[in-house]
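Student: Could you look at this predicted model? Sequence included:
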Amino acid sequence: MSRSVVIDCFPDSARHYVDGYAIVAIDVIRATTTAVTAVSHGRRLFPVPSLEAAVPLAAKLAHPILVGELGGNMPWGWDLTNSPVAVDQAEDLERPMILLSSSGTKLIDRSSDGQAVYLGCLRNFSATARYLAQRHQHVAVIGAGTRGEFRREDQVGCAWIARELINLGFRAEDARTEEVVERWRECDSSACASGNSARYLERSDQKHDLDFVLSHVDDIDAAFMVKHGEVVMLPAD
């Protein structure tokens with residue numbers, strides 16, 4: 001059977017791939033980078049699509065850390081914004097973390113009816129592709145997007161995972177997938193530094209998060225999967 005990979009964008013697109021596809025959610029700046037960073041330290045992490053979903057979940061968990069942003073602003077009363085640097089430095093690893101973001105965690109939630117849901121970012125793209133290639137015939141790599149834009153950094157993240165899958169024998173399902181892979185296949189992480197998300201981080205005095213994303217590339221040899229609402233780390237075979 002022919003194996004295939006397709007690239008798409010935006011949370012609502014996930015519904016097209018719930019039948020027969022493994023879905024990889026990509027939100028490089030910043031939700032999936034934040035989640036992968038937290039779980040790589042051994043912390044339990046639960047992504048949520050909304051404030052309304054966070055409240056009952058927080059009541060069930062033991063002293064959770066609330067991490068997130070909506071429209072770039074940390075919700076009132078929360079502990080940390082959606083920052084991979086803050087999460088990387090956070091202590092009390094025994095405390096579970098709830099993560100909320102404007103688009104990334106919505107994409108994760110809307111992918112939950114799929115065959116399997118993984119989280120990808122620049123930190124784990126090679127391991128994610130290897131893990132997928134050993135277990136799935138069809139893969140949809142979906143960028144979270146924001147304000148109608150398929151963000152540059154998410155295109156890069158999607159392209160790198162799709163490129164690795166193609167190198168492992170998958171075929172691109174459509175011309176759009178081929179075009180995105182071809183555009184970004186030879187770039188390095190600095191390609192993510194000139195997009196709108198990067199400019200927002202610089203304007204809002206959060207350049208440390210951008211520097212973290214650009215400097216942590218393919219340094220985690222594990223895939224990350226959503227199981228029963230929790231992100232878990234799956235070491236590469």
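Tutor: That came through, no problem.
Student: Give me the neighbour count for residue 58.
Tutor: 16 (other C-beta atoms under 10 Å). (C-beta placed from N, C-alpha, C; glycine too.)
Student: for residue 160, that is, sorry about that
Tutor: With other C-beta under 10 Å as criterion, residue 160 counts 26.
Student: How about residue 120?
Tutor: There are 30 residues near residue 120, going by other C-beta under 10 Å.
Student: For beta bridges, what are the partners of it?
Tutor: With DSSP bridges applied, residue 120 shows beta-bridge pairing to residue 26.
Student: which SSE is residue 23 in?
Tutor: For residue 23, the enclosing helix or strand under DSSP states H and E is strand 22-26.
Student: May I have the secondary structure class of the residue most central in space within the chain?
Tutor: Central residue of the chain (C-alpha atoms, centre = their mean): residue 32, 2.9 Å from the mean position. Secondary structure, DSSP: H, G, I helix; E, B strand; the rest coil: residue 32 is helix.
Student: Please verify my assumption that it contacts residue 104.
Tutor: Yes. At 5.8 Å, residue 32 counts as touching residue 104 under the criterion of C-beta atoms under 8 Å.
Student: circling back: which strands and helices lie in contact with the strand holding residue 23?
Tutor: helix 104-110, strand 116-120, helix 125-133, strand 138-143, helix 152-167 (3 or more C-beta pairs under 8 Å, 6 or more residues apart in numbering; DSSP states H and E).
Student: how much distance is there from the shortest one to the middle of the chain?
Tutor: When you say that, I think you mean strand 116-120. 8 Å (C-alpha atoms, centre = their mean, to the nearest Å).
Student: With just CA atoms, put it into PDB.
Tutor: Extracted in PDB, the C-alpha atoms of strand 116-120 (Å, rounded to 0.1, in the frame of the first residue of the first chain):
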ATOM      1  CA  ALA A 116      -3.500   9.300  16.400                       C
ATOM      2  CA  VAL A 117      -2.500  12.800  17.300                       C
ATOM      3  CA  TYR A 118       1.200  13.900  17.700                       C
ATOM      4  CA  LEU A 119       2.900  17.100  18.500                       C
ATOM      5  CA  GLY A 120       5.700  18.400  16.300                       C
END
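Student: Quick one: work out the angle between it and strand 138-143.
Tutor: 40 degrees (axes from the mean of the first three to the mean of the last three C-alpha atoms, to 10 degrees).
Student: can you give me the strands in the protein?
Tutor: 4-9, 22-26, 45-48, 65-68, 97-100, 116-120, 138-143, 171-172, 222-227, 230-235 (DSSP state E).
Student: Could you list the low-pLDDT ranges of the protein?
Tutor: Confidence mapping of the chain against pLDDT under 70 gives the ranges 1, 237.
Student: can you do 50?
Tutor: For the chain, applying pLDDT under 50 flags no range at all.
Student: Near the residue lying closest to residue 122 once chain neighbours are set aside, how many other residues are there?
Tutor: Leaving aside its chain neighbours, residue 122 sits nearest to residue 217 (4.9 Å; criterion: C-beta to C-beta, 6 or more residues apart in numbering). Residues contacting residue 217 under the criterion other C-beta under 10 Å number 17.
Student: wait, residue 217 sits on residue 189?
Tutor: Yes. Residue 217 lies in contact with residue 189 (C-beta under 8 Å); the separation is 5.0 Å.
Student: hang on, the earlier thing: please save the CA atoms from the strand holding residue 23 in PDB.
Tutor: Only the C-alpha atoms of strand 22-26 are listed here, as PDB (Å, rounded to 0.1, in the frame of the first residue of the first chain):
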ATOM      1  CA  ALA A  22      -2.200  10.200  11.900                       C
ATOM      2  CA  ILE A  23      -2.300  13.900  12.600                       C
ATOM      3  CA  VAL A  24       0.800  16.000  13.600                       C
ATOM      4  CA  ALA A  25      -0.200  19.300  15.100                       C
ATOM      5  CA  ILE A  26       2.400  22.100  14.500                       C
END
